[in-house]
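> Sequence and computational prediction follow.
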Amino acid sequence: MTFKFLLFKVVFFFAITILHAQDTVQMKEVLIEKDFTKKEKLKSVYFGKNSTYLLVNLFFDDIPEYYLVDNIPYGGIKELTLFFCPSSKSTEILMENGYRFDKVNNTEFELTIYKVSDEGSLGDKVNQVAIPIVLEQNKSDATRKIKIDISKYNFIGDKFFVFLKRISDASCYECYYYLPVSYLADRKLIYAYNKKELMPLYTKGLRVKVQTLTRDY
Amino acid sequence: MVLILSANVFISCSGDEAAMSKSQTSGKALATPKVNLSNTINSFVSSFYNTQYIYGKQIESISDEGKILVTEVSPLADVRARGYVVTNKDNGDFLYFIDVDRVNNTFSTYEAVTNISDSDVIDVNDPIYVGNQYDMIELIQARNDFGLQKGGGFFFFGVNIDLGNFWTNEKSDGPIVKNLNADGTVDCVQVKTVVKRRFWIKWSTTSHEVTVPCP
């Protein structure tokens, strides 16, 4: 009984060994793309620094535009800082008195962040509920910085779309409102719908500071 | 042409005035009268920094707006001056204030007559910033060394300083550009630009791309 059992075990072992040998794949090279031994660090990337370009026509014409933010070190995206600056639809008012004014009207947006799909278009929403951005009435012409903590969404990536939907009234022709600050880019980073298809249309980008927890440094 | 008047150190908190004995003269020894700015200015500076501060060097000059007096300010936590108060030399009126935050690379400006404040990031590649980190006393000294005529310009760290623009918002219009829309219609856009100059330096450029009637 014992001998038969031992014989069975030996035959079984050889059979398994032969089967495994047939499944063995010889790898010529192993590439490790991420160095997981590196400690993650918080890095800030600033796009459009020192540039204040305001797309007045897009803001007042209510054209929905999506800003592609890419070339971010791959990691967990923790915080965005967006910039807003006053402008007016009235070009006469805009240039009168050298861009000096005594009031900027309350301006409100809803922010939605989208992942970038494999095709380079809008992917899934990062935040299912839009994030409100309220720029209260102010007399200063200073650029307003709005920091948004998005760490709770656990979004990991190296690019995304920003969609800012204006939800407050901006119908006063001679009033100033807060517009998202853009910059002159070297490629089309602002997407808008052209015949129902979202396409890169404007050679500008969104001025934004992105904080990411990354090993890519 | 040294016009540095004094370098009395003046410490103030919440607008109270208390002269200190420490002196920091620059150039030849001059009489060092007590820095005497109005309570309005002291209150403004105190509120801006929300901490104790010291008035340092003073220098007078001529801008396109007339005779001015510039006084540097150092919050006590800072080793070097970072604030600069501009007053009318003749009547002491508060004209302008700027703060150069060299740690966070931001600057803030205030125009007293309009009560308008502004702030933005510093262009750390600006040759003047690279050269002297926006030390405005040095800049005014260079302007004075150039000569006290009102017009013209001089070079400071390789940048041409136009003396007609001490504190201005310059406006300019770009060309009108036609854009063909997807539906076949044509829009015309134009970029209207405002360049803010503070202490003659280009601090910021804001471009507004607007829709305009097609020519």
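Received it, and whenever you're ready, just let me know what you need. Just so we're clear, the structure is a prediction, and the values are computed from it rather than from any experiment.

> count of residues packed around the nearest residue to residue B:115 once chain neighbours are set aside?
Closest residue to residue B:115 apart from its sequence neighbours, by CB to CB, 6 or more residues apart in numbering or on different chains: residue A:139 at 7.2 Å. Heads up, the C-betas are built off the backbone N, CA and C, glycines and all. Per other CB atoms under 10 Å in any protein chain shown, the neighbour tally for residue A:139 reads 13.

> I'd say residue A:139 and residue A:105 touch.
No - applying CB atoms under 8 Å as the test, residue A:139 and residue A:105 come out as separate, 11.1 Å apart.

> that older thread, which pLDDT does the model give the residue nearest to residue B:115?
Looking at residue A:139, its pLDDT reads 78.

> show me what contacts residue A:205?
Contact analysis of residue A:205 by CB atoms under 8 Å, 6 or more residues apart in numbering or on different chains lists A:47-48, A:67-69, A:182-183, A:185, A:189-190.

> check which helix or strand covers it.
Secondary structure assignment for residue A:205, by DSSP states H and E: strand A:204-206.

> Starting from that strand, tell me which strands it pairs with and how they run.
When pairing is defined by DSSP bridges, strand A:204-206 lines up against strand A:176-184 (antiparallel).

> Give me the sheet partners of the helix or strand following the partner strand and which way each runs.
Downstream of strand A:176-184, the next assigned helix or strand under DSSP H and E is strand A:190-194. Partners of strand A:190-194 in the sheet, by DSSP bridges, are strand A:65-69 (antiparallel), strand A:197-202 (antiparallel).

> buried ones in strand A:190-194?
For strand A:190-194, the neighbour count (16 or more other CB atoms under 10 Å in any protein chain shown) marks A:190-192 as buried.

> and which of the contacts of residue A:205 is nearest chain B?
Nearest to chain B among those is residue A:182, at 8.5 Å by CB to the nearest CB.

> wait, doesn't the closest one sit right on residue A:55?
Yes - counting by CB under 8 Å, residue A:182 does reach residue A:55; the two are 5.6 Å apart.

> could I get the buried residues of strand A:190-194 as JSON lines with pLDDT?
Below are those laid out as JSON lines (pLDDT from 0 to 100):
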{"residue": "A:190", "pLDDT": "95"}
{"residue": "A:191", "pLDDT": "94"}
{"residue": "A:192", "pLDDT": "89"}
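
> got JSON lines for those residues, with distance to residue B:184 too?
JSON lines is the format used below for the buried residues of strand A:190-194 (distance: CB to CB, whole Å):
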{"residue": "A:190", "distance to residue B:184": "22"}
{"residue": "A:191", "distance to residue B:184": "21"}
{"residue": "A:192", "distance to residue B:184": "17"}
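
> Which residues of chain A lie near chain B?
By the rule CB under 8 Å from any CB of the partner chain, the part of chain A lying against chain B is A:49-57, A:61, A:85, A:87, A:89, A:91, A:94-95, A:98-100, A:102, A:139-143, A:194-195.

> follow-up on the earlier one: ok, of the contacts of residue A:205, which come out buried?
For these, a neighbour count by 16+ other CB under 10 Å gives the buried set as A:47-48, A:67-69, A:182-183, A:185, A:189-190.

> got TSV for those, with distance to residue A:205 too?
Formatted as TSV, the buried ones among the contacts of residue A:205 follow (distance: CB to CB, whole Å):
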residue	distance to residue A:205
A:47	6
A:48	6
A:67	7
A:68	7
A:69	7
A:182	6
A:183	5
A:185	4
A:189	4
A:190	7
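
> if I pick the residue nearest to residue A:162 when sequence neighbours are not counted, what's in contact with it?
Excluding its sequence neighbours, the residue lying closest to residue A:162 (CB to CB, 6+ apart) is residue A:67, at 4.4 Å. Contact partners of residue A:67, counting by CB under 8 Å, 6+ apart, are A:161-164, A:180, A:182, A:189-191, A:205-206, A:208.
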